[in-house]
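Undergrad: structure for this input, please:
(one chain, ligands or ions: 3)
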Amino acid sequence: MTALVEAVGLTKHYAVRHGWRRHGALRAVDGIDLTVPEGAAVGLVGESGCGKSTVARLLLRLVEPTAGTVRFAGRDITGLDELGLRPLRREMQLIFQNPHAALNPRRTLFASIAEPLVIQAGLGGAALRARVEHLMDDVGLPAQFLWRYPHELSGGQKQRVCIARALALEPRLVILDEPTSALDVSVQAQILAFLAELRARRGLTYLLISHNLAVVRQVCDEVAVMYLGRIVEHGPVAEVFAAPRHPYTRALLAAVLPPRAGALPTVALAGDPPSALELSRGCRFAPRCPLAEPVCRPTDPALDPVSHDHRVACLLARRAPASPSTA
Ligand SMILES: Nc1ncnc2c1ncn2[C@@H]1O[C@H](COP(=O)(O)OP(=O)(O)O)[C@@H](O)[C@H]1O
Ligand code: SF4
Ligand SMILES: [Mg+2]
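TA: Residues are numbered from 1 along each chain as shown. Ligands and ions are numbered 1, 2, ... in the order given. Presented below is the predicted three-dimensional model:
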């Protein structure tokens, strides 16, 4: 599969100031390489504050990177200005966590979904109405909802409106930032199943951001695990779930899945991640890693392959057997 999005060395540091003096840098995203193949669904998972949303904003060029490059459909878009980015904006859409905040309460569903079609595609009249109705049908909203307001809808229905609006301009890439976190547990599974079905039907490419590995498993083919601004493990969902290598991935998995026979021992995750302002040298997970050894601290583990396309940044994982059957 060819890469639709390709980030190399992508970095975002925020300057921290006390009064007028610069006090250091908060390393929100710290040199990540991430490829999203065309037609694939890649999950980006990690605890709150690890930099997931910043990655989304960097890929969409909504914030300026401190360093690194972003390629979209083979083209380097890092240096493009707003005018140069305009035609690409249609092809890359972002769906936010909170559909309640994303919709204007004074606008009907028709007005919300029609907006991008009017502004960016110049549609009007009967063609606009037909297109909006088609989109509503596509996301499973009944036609009689056309003139309803957001407060008349459930959370799941509102998220379907946001999805319809994002799909209006036929994007190639959809970035979903915690798309079900603000929804009732009862509708989360429904929306995830719908997102998976929608991708298959429309041949979309997803980057699905979540703090929950179980969410990623329902929708994605690949998963990248992020910790404090870095990716610590990246591989096919089936392989990472069957044989997670990085202790952080193992801890995240232990929180959502029962331990498997023959798997590496479970790792318990204690405490919160340290601040991205005060990062220790060496492996960033070392202060919380129950398996840390002295060698983990001064060295900086690179994302090394443990098997074909499954890569892990952990010294210990490199020493562990690579085959899932012997793990
Ligand atoms: N505009 C900003 N200015 C300063 N710090 C920011 C800004 N945006 C995000 N951060 C910080 O960057 C880190 C990563 O944030 P974010 O990408 O939102 O994480 P996540 O989406 O994984 O919860 C956090 O420490 C956050 O406080
Ligand atoms: S490199 Fe060391 S501290 Fe880091 S995750 Fe692996 S074992 Fe733990
Ligand atoms: Mg976020």
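
Undergrad: list the contacts of the residue in the stretch 1-150 of the chain that ligand 2 sits nearest to.
TA: At 13.7 Å from ligand 2, Gly46 is the closest residue in the stretch 1-150 of the chain, using CB to the nearest ligand atom. The C-beta positions use only the backbone N, C-alpha and C, and glycine is treated the same way. Going by CB atoms under 8 Å, 6 or more residues apart in numbering, Gly46 touches 52, 211, 225-227, 252.

Undergrad: check which helix or strand covers the closest residue to Val312 other than its chain neighbours.
TA: Nearest in space to Val312, with sequence neighbours left out and distances taken as CB to CB, 6 or more residues apart in numbering, is Arg245 at 4.1 Å. Using DSSP states H and E, Arg245 sits within no helix or strand.

Undergrad: and Arg245, how close does it get to Val232?
TA: Arg245 is 9 Å from Val232, where distance means CB to CB, to the nearest Å.

Undergrad: name the residues contacting each of those two.
TA: With CB under 8 Å, 6+ apart, Arg245 and Val232 have common neighbours 312, 314.

Undergrad: where exactly do the strands run in the chain?
TA: Listed in chain order, the strands of the chain (DSSP state E) span 3-18, 21-37, 41-45, 67-72, 75-76, 92-95, 173-177, 205-210, 222-227, 230-236, 304-307, 310-312.

Undergrad: please name the strands paired to the last one in the sheet, noting orientation.
TA: Each strand pairing with strand 310-312, determined using DSSP bridges, is listed with its direction: strand 230-236 (antiparallel), strand 304-307 (antiparallel).

Undergrad: alpha carbons of the first one, as PDB, please.
TA: This means strand 230-236. Extracted in PDB, the C-alpha atoms of strand 230-236 (Å, rounded to 0.1, in the frame of the first residue of the first chain):
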ATOM      1  CA  ARG A 230       7.300   9.500  21.200                       C
ATOM      2  CA  ILE A 231       6.100   6.300  19.500                       C
ATOM      3  CA  VAL A 232       7.200   3.300  21.500                       C
ATOM      4  CA  GLU A 233       5.600   0.500  19.500                       C
ATOM      5  CA  HIS A 234       4.100   0.300  16.100                       C
ATOM      6  CA  GLY A 235       2.800  -2.800  14.300                       C
ATOM      7  CA  PRO A 236      -0.200  -4.700  12.900                       C
END
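
Undergrad: what mean pLDDT does that strand have?
TA: Mean pLDDT, strand 230-236: 97.

Undergrad: could you check the angle strand 21-37 makes with that strand?
TA: With axes from the mean of the first three to the mean of the last three CA atoms, to 10 degrees applied, the angle from strand 230-236 to strand 21-37 works out at 10 degrees.

Undergrad: quick one: name the residues of this protein near ligand 2.
TA: By CB under 6 Å from any ligand atom, the residues of the chain that approach ligand 2 are 246-247, 283, 285-286, 289, 291-292, 296, 301, 314-316.
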